[in-house]
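Engineer: Predicted model and sequence follow; I will ask about them next.
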2 protein chains.
Amino acid sequence: MSDTAANIIEQMGQKAQAARPALAKATSAQKDKALHAAAQALREMKDDIKTANREDMHLGREKGLSPAMLDRLALDDDRIDAIALALEAITELEDPVGVIEAAWDRPNGLNIARIRVPLGVIGVIYESRPNVTADAGALCLKSGNAVILRGGSESAHSSKAIHQALVQGLRTAGLPEDAIQLVPTQDRAAVGAMLTRPDLIDIIVPRGGKSLVARVQNEARVPVIAHLDGNNHIYIDKSADKDKAIAVALNAKMRRTGICGAMETLLVHKDVMDAILPALFAALKAKGCTIRGDARTQALDSSIETASEEDWCTEYLDAILAVKTVGNLDEALAHIDTYGSGHTDAIMAQDEETLAQFLNHVDSAIVMANASTQFADGGEFGMGAEIGISTGRLHARGPVGLEQLTTYKYVVRGDGQTRP
Amino acid sequence: MSDTAANIIEQMGQKAQAARPALAKATSAQKDKALHAAAQALREMKDDIKTANREDMHLGREKGLSPAMLDRLALDDDRIDAIALALEAITELEDPVGVIEAAWDRPNGLNIARIRVPLGVIGVIYESRPNVTADAGALCLKSGNAVILRGGSESAHSSKAIHQALVQGLRTAGLPEDAIQLVPTQDRAAVGAMLTRPDLIDIIVPRGGKSLVARVQNEARVPVIAHLDGNNHIYIDKSADKDKAIAVALNAKMRRTGICGAMETLLVHKDVMDAILPALFAALKAKGCTIRGDARTQALDSSIETASEEDWCTEYLDAILAVKTVGNLDEALAHIDTYGSGHTDAIMAQDEETLAQFLNHVDSAIVMANASTQFADGGEFGMGAEIGISTGRLHARGPVGLEQLTTYKYVVRGDGQTRP
């Protein structure tokens, strides 16, 4: 590990720790004031942000970034407005800090309360989308945490400009500027340093592709909240409503193929394959989807490619769908047990007994009945905003919103009680 | 890592994973039946257990275990009865699995519920107390988890005998015998293997001294729930009720000196030291407590040893108390911020403003007002039983009971909704 990068993280971590008590005590009004002021600063600094973004775009083109990556990177007036609006939307969310989750009295007169408090210092490691700088910074701030942001090199200039606006907001609200820090170096050793300092950083949230998340999970000595894969399934049962099954499967695959809630494998009960698959395949193909299937689906449509073992394991994040027919619910459950990644799995069925079996058995962060897997999203869940989705079982599972960025402490009040 | 130990853990982990779905589906009645049957088996197998325990005691004496360790290891009829009663007490606790924590409807008609589910497979690594075999096994079972128990070599025979009773209980209830497994080897490499298989074990709970917990925290690639230190403080404010402050401080230090909730450092406002410390010191000394203090306490009582920097950092777990006088609340808070271990810290005060400042500021798992730190215990909190106390901020904080041994999943029910 480079000394310089390690030193930078050490100093940033110390500053974050120093900011921690002031953040924990900050009122909702103060945090919201900082977010409103940051939104205003973003709008006022639009030209600076666009200039910085042009620099990133120029370097990105020179590096040969794909059109999709360049599009994710690009900022214009509308996108900057959207970032500002997202900050303002976070002011509307309920502040979890200080919420009394439970309180009870003991026979000896002790009163015990479980109260939400911030986690402390959060490290966010992300890739090219510059808006994550604002979103992640704002979510951590509203939940009372200090945050150390480490953006990708592709968006370094844009992130720096956006970060200026966030700092302006903190200043206006009288909150410590070190509440939201941006790692100034693109040295990859800085990531390594963040991952190995549990004394300075309480939790790491990686936001990015599988290689980033895998690296973080492998190297981290700090707890990580993330998902590696969203290898999501829909099982169409023989009791499914045919039209709904087709519409939901089409939406789950094709609405946006690159998001973690997209369906990757479709399981279909053999008794309804004839009634459902021809129309569904036609609709998928019309939208440019490639289909890879098992022998029974190929018998139905000879243009379908052969699905291999690898297909059942793959999160395509693309217009490709693996399709397997099953003889019964148990076969579908066994397939999901074997190949699922614990993110989001859904069933299309009208039979209540079958629905209950599926929803009880499948041990994923999100299980759905008769709805598109693309609803796997904190916003769609009504949580307002999310910093990511977790497939881990500890601390937070599914969408990670403000509440999941906090922990609790017990406050016990007595009147001189001693333990017998 | 020894191949043998790694292979044993690999096989046990696979068996635990295989038992997992059946445990997740087990009803409360079934789990309680297993616990009742295990309690009965413990009573019926008393002679076998005592014979096994005599073997452990014999080996312990040969190894030169301290009287305190031998006492922790010893089992007699009463202690075996107590273990059986503890199993039965766990049947009385509410089963967290399946509890709907929250449910709400979205404007598009989706119904979202957050439901408690087991964590999966729990690894418990503990030292000489053989009753942990039963307690930890029962708590994991009741919370629907498979458990791999790794007891200390000192209690190997006793733990094996107790484990037999637990397996008898599982058998009677028709639950998988692999739900509660005991590592059969004392090879220390087995611990290493448990700590590095997040694919097989979801969480590790170490129960034992600081060196065990430190080893586990340093080596683990599996999330760990534990506390390293309970360096707990009581601050006696100038507004404290004098008699209550003396009684609580005496109890917090001397009721049991070896538990993690014991007070280790006393902070006293200088304005009340003359009124409180002489009587408190006399009471502490009468119970055999050594006192180490700062210059002001020594001026009060010349027999007091000088407290060093190391004393402020030390969890004695013994009849020793460090005492420091402070000029105001802020000095007390600063001391706790610097030296506290985030376990349990308490204030004795009558002034509401001072109480609020202390309870808000101190960022420990448990903060107390006007009560003994020895109440830091799941049983005393009304949680029925605990597998340990956590000073970590993620997932579980404070006493770790049945609910903290579970996670949640989201169940989403729709009627064919697609995401726009």
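Structural biologist: Thanks, I have it.
Engineer: Could you use CA atoms for every contact and neighbour count after this?
Structural biologist: Will do.
Engineer: Give me the secondary structure label for residue A:9.
Structural biologist: At residue A:9 the chain is in helix, as set by DSSP: H, G, I helix; E, B strand; the rest coil.
Engineer: correct me, but it touches residue A:196?
Structural biologist: No. With contact defined as Cα atoms under 8 Å, residue A:9 does not count as touching residue A:196 (10.3 Å).
Engineer: Let's see the pLDDT reported for the residue of chain A at minimum distance from chain B.
Structural biologist: Nearest residue of chain A to chain B (Cα to the nearest Cα) works out as residue A:395 at 3.6 Å. You'll see residue A:395 listed with a pLDDT of 95.
Engineer: Can you give me the neighbour number for it?
Structural biologist: Neighbour count for residue A:395, taken as other Cα atoms under 10 Å in any protein chain shown: 21.
Engineer: Which of the helices or strands spans it?
Structural biologist: Under DSSP states H and E, no helix or strand contains residue A:395.
Engineer: Mind giving me the packing neighbours of the least confident helix or strand in chain A by mean pLDDT?
Structural biologist: Lowest by mean pLDDT, DSSP states H and E among the helices and strands of chain A is helix A:67-73, with a mean of 91. Helix A:67-73 is packed against helix A:46-63, with contacts defined by 3 or more Cα pairs under 8 Å, 6 or more residues apart in numbering or on different chains; DSSP states H and E.
Engineer: Need phi/psi at the closest residue in space to the residue of chain A closest to chain B that isn't next to it in sequence.
Structural biologist: Nearest in space to residue A:395, with sequence neighbours left out and distances taken as Cα to Cα, 6 or more residues apart in numbering or on different chains, is residue B:395 at 3.6 Å. For residue B:395, the backbone dihedrals (degrees, to the nearest 10) come out as phi 70, psi -70.
Engineer: try the one 3 residues further on
Structural biologist: As for residue B:398, its main-chain torsions (degrees, to the nearest 10) stand at phi 80, psi -150.
Engineer: re earlier: isn't the residue nearest to residue A:395 right next to residue A:394, touching?
Structural biologist: Yes. The criterion here is Cα under 8 Å, and residue B:395 meets it with residue A:394 at 5.6 Å.
Engineer: Do any residues in the top strand by length along chain A lie close to chain B?
Structural biologist: If you go by DSSP state E, chain A has its longest strand at strand A:406-417. Yes. Counting by Cα under 8 Å from any Cα of the partner chain, chain B is contacted by strand A:406-417 at A:407-417.
Engineer: Would you mind naming what in the stretch 51-200 of chain A lies close to chain B?
Structural biologist: Residues of the stretch 51-200 of chain A lying close to chain B by Cα under 8 Å from any Cα are A:106, A:110, A:112, A:119.
Engineer: Which residue is the nearest non-sequential neighbour of the last one?
Structural biologist: Distances taken as Cα to Cα, 6+ apart place residue A:406 nearest to residue A:119, at 4.7 Å, with adjacent residues excluded.
Engineer: hmm, back to that, what residues are up against the residue of chain A closest to chain B?
Structural biologist: Contacts for residue A:395 (Cα atoms under 8 Å, 6 or more residues apart in numbering or on different chains) come out as A:404, B:394-396, B:407.
Engineer: Make JSON lines out of those residues and add distance to residue B:242.
Structural biologist: Converted to JSON lines, the contacts of residue A:395 look like this (distance: Cα to Cα, whole Å):
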{"residue": "A:404", "distance to residue B:242": "41"}
{"residue": "B:394", "distance to residue B:242": "38"}
{"residue": "B:395", "distance to residue B:242": "38"}
{"residue": "B:396", "distance to residue B:242": "35"}
{"residue": "B:407", "distance to residue B:242": "44"}
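Engineer: Closest one of the residues you listed to residue B:201?
Structural biologist: When the contacts of residue A:395 are ranked by distance to residue B:201 (Cα to Cα), residue B:407 comes first, at 14.4 Å.
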